[in-house]
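no sequence for this one, just the structure:
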């Protein structure tokens with residue numbers, strides 16, 4: 001794996017951390033209401049279950065808003081891991097304000113097993129995560145290595161089919177990006193992010209970032225080949241992001257296409273577990 005790709009993404013996410021926090025990111029609500037759970041965690045609360053007395057690790061935790069939500073579901077030990085040092089700095093500050101006992105670790109997700117001690121009852125990761133990883137099979141092995149026998153894994157992320165759509169949709173949706181995993185990344189120069197930032201906000205100073213798509217079959221097989229048993233696979237017509245403002249409408253805190261929502265999956269969910277010996 002080319003470490004230059006990861007370094008470009010690290011400094012890019014350091015800039016995003018500032019931009020995201022300045023945009024709001026649901027932080028005020030999280031700090032004002034001690035019972036508040038982020039929508040990302042709330043929609044899968046039944047699958048996550050009661051975390052009382054459980055050891056939980058949140059991979060690619062960013063600002064830690066979902067991590068704080070996991071703490072509020074009762075996690076005994078909670079670890080948040082991320083590549084971005086600036087994200088973790090802000091996550092620690094937010095966790096202290098929220099009175100959430102979370103251990104934050106700065107590391108590449110591929111180094112999670114060597115960076116974190118112990119095994120976990122739940123490995124959790126959600127939304128906008130897999131596109132930053134070049135090797136999905138290696139990721140699957142990391143996830144499995146962190147789980148206790150009987151432990152659960154839950155991921156909700158942007159659907160790889162949606163990730164193939166080109167930026168120019170004026171003439172309709174066109175498949176322009178690879179669906180299957182490629183060795184070389186898709187490299188972007190983007191001074192913005194997926195959130196709506198104030199016009200006065202400072203632009204991203206390190207706009208170069210690298211992304212990889214992974215077919216749904218590749219993601220599922222990565223987990224199976226790592227020794228996990230798949231329990232749930234779901235595809236959704238809803239998105240956490242207002243990807244195409246002119247074509248989407250808000251519905252129950254998520255965004256759906258105004259027309260043809262049945263034609264394009266926007267998210268997927270996988271729940272799995274590590275079989276007991």
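Nice, thanks for sending it over. These numbers were taken from a predicted model, which means no experiment stands behind them.

can you map out the strands along the stretch 51-200 of the chain?
In the stretch 51-200 of the chain, the segments counted as strands under DSSP state E, counting those that start in this stretch are 55-59, 77-82, 103-106, 120-126, 147-158, 186-189.

Which residues does the first one contact?
For strand 55-59, the surrounding residues in contact (CB atoms under 8 Å, 6 or more residues apart in numbering) are 64, 66-67, 70, 75-81, 109, 112, 116, 118-125, 129, 143, 146, 148. For the C-beta atoms, the positions are set from N, CA and C on the backbone; glycine is no exception.

Equivalent analysis for the last one, please.
Contact with strand 186-189 is made by 177, 178, 207, 208, 209, 210, 211, 212, 213, as judged by CB under 8 Å, 6+ apart.

Now list the buried members of those residues.
178, 209, 210, 211, 212, 213 (16 or more other CB atoms under 10 Å).

Tell me who's in contact with the residue nearest to the third one when sequence neighbours are not counted.
Among residues not flanking residue 210 along the chain, residue 185 sits closest, at 3.8 Å (CB to CB, 6 or more residues apart in numbering). Each residue near residue 185 by CB under 8 Å, 6+ apart is listed here: 5, 134, 210, 211, 212.

One more pass at 10 Å, please.
For residue 185, the contact set (CB atoms under 10 Å, 6 or more residues apart in numbering) comprises 2, 5, 8, 9, 131, 132, 134, 209, 210, 211, 212, 213.

would you list those in JSON lines and tack on secondary structure?
Shown next, in JSON lines, are the contacts of residue 185 (DSSP: H, G, I helix; E, B strand; the rest coil):
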{"residue": "2", "secondary structure": "coil"}
{"residue": "5", "secondary structure": "helix"}
{"residue": "8", "secondary structure": "helix"}
{"residue": "9", "secondary structure": "helix"}
{"residue": "131", "secondary structure": "helix"}
{"residue": "132", "secondary structure": "helix"}
{"residue": "134", "secondary structure": "coil"}
{"residue": "209", "secondary structure": "strand"}
{"residue": "210", "secondary structure": "strand"}
{"residue": "211", "secondary structure": "strand"}
{"residue": "212", "secondary structure": "coil"}
{"residue": "213", "secondary structure": "coil"}
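
Can you get me a residue count around the nearest residue to residue 132 once chain neighbours are set aside?
In this structure, residue 132 finds its nearest non-sequential neighbour in residue 9, 5.8 Å apart by CB to CB, 6+ apart. As a burial measure, residue 9 scores 22 neighbours (other CB atoms under 10 Å).

what do you get for the one 5 residues further on?
Other residues lying near residue 14 total 20 when counted by other CB under 10 Å.

Surely it is in a helix?
Yes: under three-state DSSP, residue 14 sits within a helix.

I'd like the distance between it and residue 63.
12 Å (CB to CB, to the nearest Å).

Please identify every residue contacting each of these two.
84, 86, 87, 88, 89, 90.

Out of these, who's the most crowded?
Of the shared contacts of residue 14 and residue 63, residue 87 is surrounded by the most neighbours, 26 neighbours in total, counting by other CB under 10 Å.

Isn't it up against residue 9?
No: if you go by CB atoms under 10 Å, residue 87 and residue 9 don't touch, sitting 11.5 Å apart.

Now the buried members of the contacts of strand 55-59.
So, by 16+ other CB under 10 Å, the buried ones in those are 64, 66-67, 70, 75, 78-81, 109, 112, 116, 119-125, 129, 143, 146, 148.

Can you get me a residue count around residue 65?
Residue 65 has 25 neighbours, counted by other CB under 10 Å.

so who does it touch?
Applying CB under 10 Å, 6+ apart, the residues contacting residue 65 are 20-21, 25-27, 29-31, 36-38, 40-41, 91, 94-95, 98.

list the contacts for the residue found closest to residue 35 once you drop the neighbours it is linked to in the chain?
Of all residues not flanking residue 35 in the chain, residue 72 sits nearest, at 6.9 Å (CB to CB, 6+ apart). Residue 72 makes contacts with 30, 34, 35, 36, 37, 38, 41, 51, 98, 100, as judged by CB under 10 Å, 6+ apart.

Tell me how far the second one lies from residue 55.
With distances taken as CB to CB, residue 34 is found 22 Å from residue 55.

Quick check on those two: which one has the bigger neighbour count.
It is residue 55, of residue 34 and residue 55, that has more neighbours when counted by other CB under 10 Å, with 18 against 11.
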